[in-house]
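**Student:** Give me a 3D structure for the following:
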Amino acid sequence: MSRRIAAPSAPGWDDDVMPEDAHAMTLTTERLLLRPQEVRDAYVFRQLWAERDERVPVHRRLDAEGHPTVAEIADDIRQESPRARPGLLTVALRETDAVIGYCGLVFDGDGERPELAFELLRAVHNRGYATEAGRAVIAWAGSAGFPRLWASVWDWNLPSRRALEKLGFVDTGTVVKTSAHGRSLLTVREPAD
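**Tutor:** As a prediction, this is how the structure comes out:
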């Protein structure tokens, strides 16, 4: 059964192109397991909300009342349909099964642009996990008919920008949005020749 946290739905996902069991996919790397989200992951996803940089837009941070709560995140995961299209996968350490974040694909508002998205707990930053998870998703996306991928990243988020650079993403020169929080830059990874 596929489940994902409050991620944008993936309109434009072509079910004719996707394998029948895509919603149940699991990706494995040397150190990581990327699997469909489960209710038990809600606690870690709540930690991610709590750890977000204050420059992240308000709608992506905990509100004054502490929402979303673990229970609300768990409900979001629980409510996802078993036929939900692939989106964000839980990232866990293979050795311990400890959940450390998420990585996967989301789509722009038009459903035309698959974007790589990832977020990991601060405690595991600077260990290459985002790059490793990203490589697995990129390889899967290419085999699923999405050789070109995009990613939006805040100009101040240097660790994510470096990870995207290692994954072959380049700045397109397009600013997706500008706010008091900085500029959200659009990057692209072209298909390998």
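**Student:** contacting residues for T131?
**Tutor:** Contacts for T131 were tallied using Cβ atoms under 8 Å, 6 or more residues apart in numbering; they are A163, K166, L167. To be clear about C-beta, it is placed using only N, CA and C from the backbone, and glycine gets the same treatment.
**Student:** quick one: it and G101, what's the gap?
**Tutor:** 13 Å (Cβ to Cβ, to the nearest Å).
**Student:** for this protein, what spans make up the helices?
**Tutor:** Remark: helices assigned in the chain by DSSP state H are 42-51, 70-79, 129-143, 158-166.
**Student:** starting at the chain centroid, how far to the shortest one?
**Tutor:** Offset of helix 158-166 from its chain centre (Cα atoms, centre = their mean, to the nearest Å): 14 Å.
**Student:** before we move on, what about the third one?
**Tutor:** Taking Cα atoms, centre = their mean, the mean C-alpha location of helix 129-143 is offset from the chain mean by 11 Å.
**Student:** okay, the angle between it and helix 158-166?
**Tutor:** When axes from the mean of the first three to the mean of the last three Cα atoms, to 10 degrees is applied, the directions of helix 129-143 and helix 158-166 differ by 40 degrees.
**Student:** so for helix 129-143, what's the average pLDDT?
**Tutor:** Helix 129-143 carries an average pLDDT of 95.
**Student:** likewise stretch 97-112?
**Tutor:** pLDDT averaged over stretch 97-112 gives 87.
**Student:** Next: stretch 159-174.
**Tutor:** The model assigns stretch 159-174 a mean pLDDT of 97.
**Student:** That one spans what distance, first to last residue?
**Tutor:** 20 Å (Cα to Cα, to the nearest Å).
**Student:** outside of it, which residues touch it?
**Tutor:** Against stretch 159-174 from outside (Cβ under 8 Å, 6+ apart): 116, 118, 125-126, 130-131, 134-135, 138, 149-151, 153-155, 185-190, 192.
**Student:** try 10 Å this time
**Tutor:** Stretch 159-174 is contacted by residues 116-120, 122, 125-126, 128-135, 137-138, 149-155, 157, 184-190, 192 when judged by Cβ atoms under 10 Å, 6 or more residues apart in numbering.
**Student:** about what we covered before: indicate which one of the helices of the chain is closest to M25.
**Tutor:** helix 129-143 (7.1 Å; Cβ to Cβ).
**Student:** For that closest one, buried residues please.
**Tutor:** For helix 129-143, burial by neighbour count (16 or more other Cβ atoms under 10 Å) applies to Y129, A130, T131, E132, A133, G134, R135, A136, V137, I138, W140, A141.
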